[in-house]
Structures are given as structure tokens and as C-alpha cells.
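In: 3D, please:
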Amino acid sequence: MQPPLDRANSAPPDTARSSGPTWLVTPGITPARFDTAVGSGAEVVLLDLEDSVPAGSKADARAAVLPFAGARTRKSGGPLLGVRINAVGGAEGLRDLAAMAEEGLWPDLVVVPKVESGRQIEAVVQAACGAQAAPKVWALIESPRGVVELAGIVRTPGLAGVLFGAADYAAAAGCQLTSRAMWYPRAQLVTAASAAGIPAVDSPFFSLDDQDGLRRDALEAVELGFAGKVAVHPRQLSVIAQAFAPSPRELESAHAVLDAACAVAKEGGAITTADGAMVGPPLVEAALAIVRRAGHRSSATTSVTKAS
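Out: As a prediction, the model looks like this:
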């Protein structure tokens, strides 16, 4: 078996890390902000055609967003460019997909809102099947029914990941938009996504002037197992990046676990101790994940800090 430290250095990044932890959503009706968003340091820039665009401005937003995203996709060294389309069960969502298909202007990823069934994902995957480079399709879960149907949704072929929409969920459930009220749906989202081997990204924190609240919310997302979090303003990005970066203490403990595991593996064993705690295979895998996350997060945190 490959030694744990070698595995930490050589194993490829897992799926949950492919998009990065920092997402920035920008209204599709404000093209003047697009370049600023791309240069913000976010690892995913999500241009929105849905909630932030008034009904009478959908065509204008589509005309601005699709050429911008289509021309800048898959650029090395830059962020992933994503588009949140309108709900696929409505006319505007169908127009979004038709425009992408007809003009060949597919972004790096497509976020499908208000997902409550795998059929909604299948429709987008099918629409994109003729693309030269098919986009990754993500499901936005933002209703109690979406949470209840998660087991089927996350196993839809072609689904790359899931996001949580806390504001819409709270409105639909009739609950408050508080940390405690969101524990259950957030945990359900992470559990279902993890079981399916795809990443889950947490909802935005909407209070722009409450950096301490954002930090607590982002740290809670890390604790729950989310792979990233959406920002609604560039000044939130550095807090999110720092929250998802392992602390020096976490790294120190992870390296201690891996060192102990290496030592016992040389003697043919599998169980040992580190820092007074028992170490077995599950804790070794967790330590490996922290070391890999640190390698990705260190560069991400630096880029976001410089951009902000």
C-alpha cells in the first residue's frame, strides 16, 4: 500500500475540490461588473439570469451574459465561468438553453435553480450534449421538496454538484433564515452529495456588513462538510477563503496522524496513536483530506487576498 504521506502528495484532487471554495454571484443585468467579478479572486464566477434579473430584462441579460461567459470559458489561470439559468420548467429557462445551444455559448458550468427532480437536470444535460465542451451541471436545492428528493437528484447522470439556496428554502418552509433553522437542510445536502461522490456548496450569507457573522457561517459550512460557499459581494471572498483553509493547528495534527500512520504501516500495523488519540484508517483519510485541502487553499487564499 502507498504510504499515507506519499498519497497526500501524489493523489489527484478529489471532485469536491475541482471548483474551489470561493464562488461569487453577479447579476446578469450588470455587465459593467463582469470583468470586476472575473478579477475578484473567486474561483467560480456565477453570472445570474434568474432571481436578480427583472422579468422584463431577461432578454437583455441573456444577450450580455452568454457571449461573455462563452468567450472566457476554460481559460487557464482564471476562474470558472458559470451561469445560473432560469427554471427549466418555464419559458425563460427554455430560452436560456436554446440560446446556449443555438449559439454554442456554453459556460464552464450551468446552475439549474429550484431543482426538485432529477428530470430537470436530465433536460439540461441533454440540451448540452452537442456542445464542443459540455458544461458541468449543478443543481440548486432551495425548497423542502428539493431536500426530500435529494437521494434521487444527486444520482442523476451528468450532475456535477449541488448548491444550497437558504433564502428560498426559508421562505418555502416558513422558517427563519437563521443558522439553527438551516442546520437540517444543510446537513441533508452534504450527506446526500457525499454519498453520491459530488461536492456541495453552501448558500450565501446575505448581511454584507457583518463580517463576523459571515466568518461564523463559513466556519459552520466547513464543519458541516461543504466544499465551498457562495459570496454576494467581492469583499466576502477573503473571509470565505480563510474559513476553508485549514488552520495551522489542523495541519499540525494532520501531519502528526500521517507520520504515526507511516510508522505503524512499516511494522505491518494499521492502528496507532497520535497526540494521545487513537489513529485508524478513517482518521488517516481525514488527515489526507486536510493536507490536500491545504495545498489548494493556500494558493486560493493568496489570490483572493491580493484581489481584494
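
In: in the stretch 51-200 of the chain, which spans are strands?
Out: Under the criterion DSSP state E, counting those that start in this stretch, the stretch 51-200 of the chain carries strands at the ranges 80-84, 109-112, 136-141, 159-164, 200-202.

In: just those strands: most buried one?
Out: strand 200-202 (a mean of 27; mean count of other C-beta atoms under 10 Å). The C-beta positions use only the backbone N, C-alpha and C, and glycine is treated the same way.

In: Give the other helices and strands that that one contacts.
Out: strand 159-164, helix 179-196, helix 211-224, strand 228-231 (3 or more C-beta pairs under 8 Å, 6 or more residues apart in numbering; DSSP states H and E).

In: distance between it and the chain's centre?
Out: A distance of 5 Å separates the centroid of the chain from that of strand 200-202, by C-alpha atoms, centre = their mean, to the nearest Å.

In: Just checking: what are the partner strands of that strand?
Out: Paired neighbours of strand 200-202 in the sheet (DSSP bridges): strand 159-164 (parallel), strand 228-231 (parallel).

In: Any stretches of the stretch 51-200 of the chain with poor pLDDT?
Out: Counting by pLDDT under 70, the stretch 51-200 of the chain contains low-confidence ranges at 73-77.

In: and the next element down the chain from the helix or strand that contains residue 23?
Out: In this structure, residue 23 sits in strand 22-27 according to DSSP states H and E. Counting by DSSP H and E, the element after strand 22-27 in chain order, helix or strand, is helix 34-38.

In: Summarise which helices and strands that following helix is packed against.
Out: Secondary elements touching helix 34-38 (3+ C-beta pairs under 8 Å, 6+ apart): strand 22-27, strand 44-48, helix 58-72.

In: mind putting the ones you listed in JSON lines, mean neighbour count included?
Out: Formatted as JSON lines, these follow (neighbours: other C-beta atoms under 10 Å):
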{"stretch": "strand 22-27", "mean neighbour count": "25"}
{"stretch": "strand 44-48", "mean neighbour count": "26"}
{"stretch": "helix 58-72", "mean neighbour count": "19"}
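
In: would you list the ones you listed in TSV and tack on distance to residue 97?
Out: Shown next, in TSV, are the helices and strands packed on helix 34-38 (distance: least, C-beta to C-beta, whole Å):
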stretch	distance to residue 97
strand 22-27	20
strand 44-48	15
helix 58-72	11
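
In: For residue 231, which of the ones you listed is the nearest?
Out: strand 22-27 (4.9 Å; C-beta to C-beta).

In: Which elements pack onto the closest one?
Out: helix 34-38, strand 44-48, strand 228-231, helix 237-244.

In: Distance to residue 56 for the strands of the stretch 51-200 of the chain - can I get that in JSON lines?
Out: Conversion of the strands of the stretch 51-200 of the chain to JSON lines gives the following (distance: least, C-beta to C-beta, whole Å):
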{"stretch": "strand 80-84", "distance to residue 56": "18"}
{"stretch": "strand 109-112", "distance to residue 56": "22"}
{"stretch": "strand 136-141", "distance to residue 56": "23"}
{"stretch": "strand 159-164", "distance to residue 56": "27"}
{"stretch": "strand 200-202", "distance to residue 56": "30"}
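
In: Of the ones you listed, which is nearest residue 47?
Out: Of these, nearest to residue 47 by C-beta to C-beta is strand 80-84, at 5.2 Å.

In: show me what contacts the closest residue to residue 158 other than its chain neighbours?
Out: In this structure, residue 158 finds its nearest non-sequential neighbour in residue 125, 3.6 Å apart by C-beta to C-beta, 6 or more residues apart in numbering. Residues in contact with residue 125 (C-beta atoms under 8 Å, 6 or more residues apart in numbering) are 134, 137, 156-159.

In: Now do residue 125 against residue 163, distance only.
Out: 17 Å (C-beta to C-beta, to the nearest Å).

In: closest to residue 151 out of the strands paired with strand 200-202?
Out: Per C-beta to C-beta, nearest to residue 151 of the strands paired with strand 200-202: strand 159-164, 12.0 Å.

In: still on that earlier bit, for residue 47, which of the helices and strands packed on strand 200-202 is the nearest?
Out: Per C-beta to C-beta, nearest to residue 47 of these: strand 228-231, 12.8 Å.
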